[in-house]
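Enquirer: have a look at this fold, sequence not included:
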């Protein structure tokens with residue numbers, strides 16, 4: 001009898017232990033699912049806040065009042081939206097290095113400013129030219145199809161214009177670290193041989209000069225610290241002496257803008273969105289803008305220093 005009661009007690013204890021383990025597992029599972037749901041909610045909230053930043057930038061760039069209109073020279077605009085801290089930078093693509101139109105010297109200076117030595121900068125400049133030209137004759141330090149094949153790469157140079165700035169990552173001699181430094185400073189939309197210094201970030205400004213990133217960074221910081229000057233270039237001589245020291249932004253940029261919006265929630269959740277927007281006329285039933293590209297760039301640094 002005692003043995004039967006002991007066995008029953010032992011069975012009951014095992015049952016209680018098993019039930020406790022099951023309940024603990026269920027509790028942990030529920031907690032994990034709850035945390036996952038909260039994280040998904042925070043990520044979605046941050047993304048929508050970042051998208052709201054892009055919408056706010058479009059409104060600012062198209063503001064009819066020049067005093068309120070945003071300057072697309074990479075300066076930060078900050079505000080709150082639904083509890084999130086938003087930082088938005090708009091950059092006119094005329095201030096970036098156009099991979100299809102930039103001169104060989106501008107390309108070389110761009111790579112120098114990004115940290116490449118003279119030999120590598122020249123080789124990359126030549127490789128970019130080989131990518132975009134229509135022949136199979138390599139530049140002195142460049143790379144045509146045979147070089148890509150020997151390197152075991154799964155792609156060949158286009159032998160035509162870059163279709164997007166992302167293609168720079170595939171140019172022979174480029175690596176991920178260097179490309180990340182350059183990504184915000186290159187475009188395929190401006191058609192300019194030289195970046196417009198009124199809108200250029202540090203890397204692009206250095207490319208248009210002598211490749212000196214430190215000097216270009218100081219110049220850009222000084223420009224962004226000043227209020228933008230409305231009007232066109234011909235009006236500069238008519239401005240009062242005190243206003244002549246402001247940043248001159250002729251017409252506040254062209255038609256194509258690259259907008260980066262970064263949203264940060266109080267819990268640290270972050271989303272960064274890049275949009276390439278072409279502004280259009282409002283009259284004639286046209287849409288006020290066209291989205292040329294959009295990507296999630298939440299894995300990049302908040303301020304790479306190149307914008």
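Expert: Done, it's in. Here the structure is a predicted model, which means the values were calculated and not measured. Numbering: from 1, shown residues only.

Enquirer: only C-alpha atoms from now on, for both contacts and neighbour counts.
Expert: Fine.

Enquirer: I would like the residues contacting stretch 200-207, please.
Expert: Contacts with stretch 200-207, where a contact means Cα atoms under 8 Å, 6 or more residues apart in numbering, come from 73-74, 91, 94-97, 106-111, 113-114, 182, 185-186, 195, 197, 211-213, 215-217, 219-220, 305-307.

Enquirer: and these, which of them are buried?
Expert: Buried members of the contacts of stretch 200-207, counted by 16 or more other Cα atoms under 10 Å: 73-74, 91, 94-97, 106-111, 113-114, 182, 185-186, 195, 197, 211-213, 216-217, 219-220, 306-307.

Enquirer: out of those, list just those in helices.
Expert: Residues of the buried ones among the contacts of stretch 200-207 located in helices (DSSP state H): 106-111, 113, 182, 213, 216-217, 219-220.

Enquirer: just those residues now: which is nearest residue 293?
Expert: residue 182 (17.7 Å; Cα to Cα).

Enquirer: the closest one reaches residue 113, doesn't it?
Expert: No: assessed by Cα atoms under 8 Å, residue 182 is found out of contact with residue 113, at 9.5 Å.

Enquirer: residues touching the residue nearest to residue 264 when sequence neighbours are not counted, list them.
Expert: Closest residue to residue 264 apart from its sequence neighbours, by Cα to Cα, 6 or more residues apart in numbering: residue 270 at 4.5 Å. Residues in contact with residue 270 (Cα under 8 Å, 6+ apart) are 43, 46, 47, 262, 263, 264, 298.

Enquirer: residue 25 now?
Expert: Per Cα under 8 Å, 6+ apart, neighbours of residue 25: none.

Enquirer: now do stretch 82-91: everything it contacts.
Expert: Counting by Cα under 8 Å, 6+ apart, residues outside stretch 82-91 touching it are 46, 49-50, 53-54, 57, 71-80, 199-200, 257-266, 307.

Enquirer: which of those count as buried?
Expert: Looks like the contacts of stretch 82-91 have 46, 49-50, 53-54, 57, 71-77, 199-200, 257-265, 307 buried, using 16+ other Cα under 10 Å.

Enquirer: which is the next helix or strand following the one helix or strand residue 129 maps to?
Expert: Using DSSP states H and E, residue 129 falls within helix 118-132. Elements were assigned by DSSP H and E; along the chain past helix 118-132, the next helix or strand is helix 145-150.

Enquirer: in that next one, what counts as buried?
Expert: 145, 148.

Enquirer: now do stretch 131-146
Expert: For stretch 131-146, by 16+ other Cα under 10 Å, it's 131, 132, 133, 138, 142, 143, 144, 145.

Enquirer: of the residues you listed, closest to residue 170?
Expert: When those are ranked by distance to residue 170 (Cα to Cα), residue 131 comes first, at 9.5 Å.

Enquirer: which residues touch the closest one?
Expert: Contacts of residue 131 by Cα under 8 Å, 6+ apart are 143, 144, 157, 158, 159, 160, 161, 162, 171.

Enquirer: now the residues you listed: which count as buried?
Expert: Buried positions within the contacts of residue 131, assessed by neighbour count (16+ other Cα under 10 Å), are 143, 144, 157, 158, 159, 161, 162, 171.

Enquirer: for the residue nearest to residue 264, phi and psi?
Expert: For residue 270, the backbone dihedrals (degrees, to the nearest 10) come out as phi -130, psi 140.

Enquirer: tell me the domain ranges of the protein?
Expert: 43-96+227-302, 97-194 (automatic domain parsing).

Enquirer: and those domains, which one averages the lowest pLDDT?
Expert: Of all these, mean pLDDT reaches its minimum on domain 43-96+227-302 (a mean of 79).

Enquirer: now do the helices in the protein.
Expert: Going by DSSP H, the chain shows helices at 2-61, 104-113, 118-132, 145-150, 176-182, 202-208, 213-224.

Enquirer: show me how far stretch 41-57 is from its chain's centre.
Expert: 15 Å (Cα atoms, centre = their mean, to the nearest Å).

Enquirer: who touches that stretch?
Expert: Against stretch 41-57 from outside (Cα under 8 Å, 6+ apart): 70, 81-82, 84, 86-88, 90, 259-265, 269-273, 275.

Enquirer: in strands, which of the residues you listed fall?
Expert: Using DSSP state E, the members of these that fall in strands are 81, 84, 86-88, 90, 259-264, 270-273, 275.

Enquirer: distance of the residue nearest to residue 101 when sequence neighbours are not counted relative to residue 130?
Expert: Counting by Cα to Cα, 6+ apart, residue 101 lies nearest to residue 193, which is 5.0 Å off, once chain neighbours are set aside. Residue 193 sits at a distance of 17 Å from residue 130 (criterion: Cα to Cα, to the nearest Å).

Enquirer: residue 266 too?
Expert: For residue 266 relative to residue 130 (Cα to Cα), the value is 48 Å.
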